[in-house]
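Asker: Just a sequence and a predicted model for now, questions to come.
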Amino acid sequence: MNRIKFNPDLCVACETVDCLMKCQYLSFTGIEEAKAEKLKINEGKDSRVLHECLTCYACQEYCPYGNNPFFLLVERQEELGILPAPSPIIKEQLKMMDAKGKITKQTVHAPVVDMCAFPMLTGCIRGKLFEGASVFSGTDVFCNIMWLHFAKNSVIRERVPRMIDNIMSYFLTDSGVNELICFHDECYGTYTSLAKGFGIQVPFTPIHLFDYINRRLDEIADRIKPLNVKIVYQRPCSNRLCPQTDTVLDEIFKKIGAERAPRKYDRQTALCCGGVPRAHQQDDLADSLVEKNINDMLTTGATYCVFNCPFCMATLGEEVAQHGLMPILVSDLVQTALGE
Ligand code: SF4
Ligand code: SF4
């Protein structure tokens, strides 16, 4: 079994312990306490962090050394049997999201867009933005990164290589394609950050949706009709695994005339949408996160609330709309600026 890649010596020498000191859900009396808890985790001992963690992924971004603190935290939760959600819920999810074997060979041509477990969003792949694109989706190509929220690294190790094999043998290999556009941050995070941390081989080149859209907008720049609107962005947990793409999103917004209004809970201080604690049956915590996000958005005077994660949009979309903001996915906002 591949162990999570991390260097304990880096943590021993670490002077900031950013992974825990920047955590928005746990607090510590100071660096000494945070470091003591981190070293317990590294040594395989119990720590209150393993019990109190919201599984927001953010410490993966906070560590300045790329030392995989969150992947290791989940590893220890599973080893010690510390489950973030009731066991029956996890069992049900494991069954529901397992590969159903409903996959058939398909000849694809670039650009190929991976819609993961969101077949209902296939309609987003349309118009000039995605001209000529091939699409696939379903549980057999589900990225499986969600198990980080349920202390199940073992399931990631078992299912991710199987799912990568499916992508290659059912779609990419015979079609001679080796680039895959990931509609969801979760997939891109799986094929880049997670694969590296878990030692899983990825035989194709993953392309983040923002990189694809940004390049495509340059090709069809004459079609852009600037929106001249103020928007707020709900940054998802999975973007913590590819923070470099957040500045690409800024470029997209600039090109389509969308002003990303500064808000307290954006960028490094983005707050969970509430979906994960809801799935963990922590409804009070979920309600308070929804309320904090909405109140924060309302201070900006924005017209749109832009999502990149369909799960965040499902969690917050209705509430956002009830408060007068239009919920919309990044790709749909861009389509609007293209008059489509
Ligand atoms: S995981 Fe990173 S930030 Fe945390 S203690 Fe180790 S080196 Fe420092
Ligand atoms: S995953 Fe989020 S809640 Fe958990 S320790 Fe890391 S930053 Fe804190």
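Answerer: Cool, got the structure. Ligands and ions are numbered 1, 2, ... in the order given.
Asker: in the protein, which segments are predicted with low confidence?
Answerer: When residues are selected by pLDDT under 70, those of the chain lie in 1.
Asker: can you give me the strands in it?
Answerer: 112-114, 134-136, 179-182, 205-208, 229-234, 258-260, 304-307, 326-329 (DSSP state E).
Asker: Quick one: the ones you listed as JSON lines, columns for distance to ligand 1 and mean neighbour count too.
Answerer: Yep, even glycine has a C-beta here, placed from its N, CA and C like the rest. JSON lines is the format used below for the strands of the chain (distance: least, Cβ to the nearest ligand atom, whole Å; neighbours: other Cβ atoms under 10 Å):
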{"stretch": "strand 112-114", "distance to ligand 1": "30", "mean neighbour count": "23"}
{"stretch": "strand 134-136", "distance to ligand 1": "36", "mean neighbour count": "20"}
{"stretch": "strand 179-182", "distance to ligand 1": "26", "mean neighbour count": "22"}
{"stretch": "strand 205-208", "distance to ligand 1": "24", "mean neighbour count": "19"}
{"stretch": "strand 229-234", "distance to ligand 1": "25", "mean neighbour count": "22"}
{"stretch": "strand 258-260", "distance to ligand 1": "27", "mean neighbour count": "21"}
{"stretch": "strand 304-307", "distance to ligand 1": "29", "mean neighbour count": "24"}
{"stretch": "strand 326-329", "distance to ligand 1": "32", "mean neighbour count": "19"}
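Asker: which ones are touching Met313?
Answerer: Contact analysis of Met313 by Cβ atoms under 8 Å, 6 or more residues apart in numbering lists 234, 307, 327, 329.
Asker: Tell me how many other residues crowd Arg278.
Answerer: 17 (other Cβ atoms under 10 Å).
Asker: what separates the residue nearest to Ile256 when sequence neighbours are not counted from ligand 2, distance-wise?
Answerer: With sequence-adjacent residues excluded and distances taken as Cβ to Cβ, 6 or more residues apart in numbering, Ile256 is closest to Ala337, at 3.7 Å. Distance of Ala337 to ligand 2, given as Cβ to the nearest ligand atom, to the nearest Å: 34 Å.
Asker: Relative to ligand 2, how far out is the closest residue to Thr315 other than its chain neighbours?
Answerer: Leaving aside its sequence neighbours, Thr315 sits nearest to Gly275 (Cβ to Cβ, 6+ apart; 3.8 Å). Note on Gly275: its distance to ligand 2, by Cβ to the nearest ligand atom, is 14 Å.
Asker: from memory Gly275 sits against Gly317, does it?
Answerer: No - the criterion here is Cβ atoms under 8 Å, and Gly275 misses it with Gly317 at 10.9 Å.
Asker: out of the strands of the chain, which comes closest to ligand 2?
Answerer: Each of those was scored for nearness to ligand 2 using Cβ to the nearest ligand atom, and the closest is strand 229-234 (16.4 Å).
Asker: Can you report how many residues neighbour whichever residue of the stretch 151-300 of the chain sits closest to ligand 1?
Answerer: The nearest approach of the stretch 151-300 of the chain to ligand 1 comes at Gly197, 11.9 Å away (Cβ to the nearest ligand atom). Neighbourhood size, Gly197 [other Cβ under 10 Å]: 23.
Asker: how much space between it and Ile224?
Answerer: Separation of Gly197 from Ile224 (Cβ to Cβ, to the nearest Å): 38 Å.
Asker: And for Val108?
Answerer: In this view, Val108 and Ile224 are 28 Å apart by Cβ to Cβ.
Asker: Find the nearest non-adjacent residue to Gly101, please.
Answerer: Nearest one to Gly101, counting by Cβ to Cβ, 6+ apart, is Asp140 at 6.7 Å.
Asker: separation between the one you found and Glu131?
Answerer: 27 Å.
Asker: The two - which one has more neighbours?
Answerer: Comparing Asp140 with Glu131 by neighbour count (other Cβ under 10 Å), the higher total belongs to Asp140, at 19 against 12.
Asker: For Ile103, give me its contacts.
Answerer: 138, 140-141, 166, 170.
Asker: out of those, which are buried?
Answerer: 138, 140-141, 166, 170 (16 or more other Cβ atoms under 10 Å).
Asker: Pick out whichever of Val108 and Ile224 has more residues nearby.
Answerer: The neighbour count for Val108 versus Ile224, taken as other Cβ under 10 Å, is higher for Val108 (20 against 15).
Asker: Quick check on that one: phi, psi?
Answerer: phi -120, psi 160 (degrees, to the nearest 10).
Asker: Thank you, goodbye.
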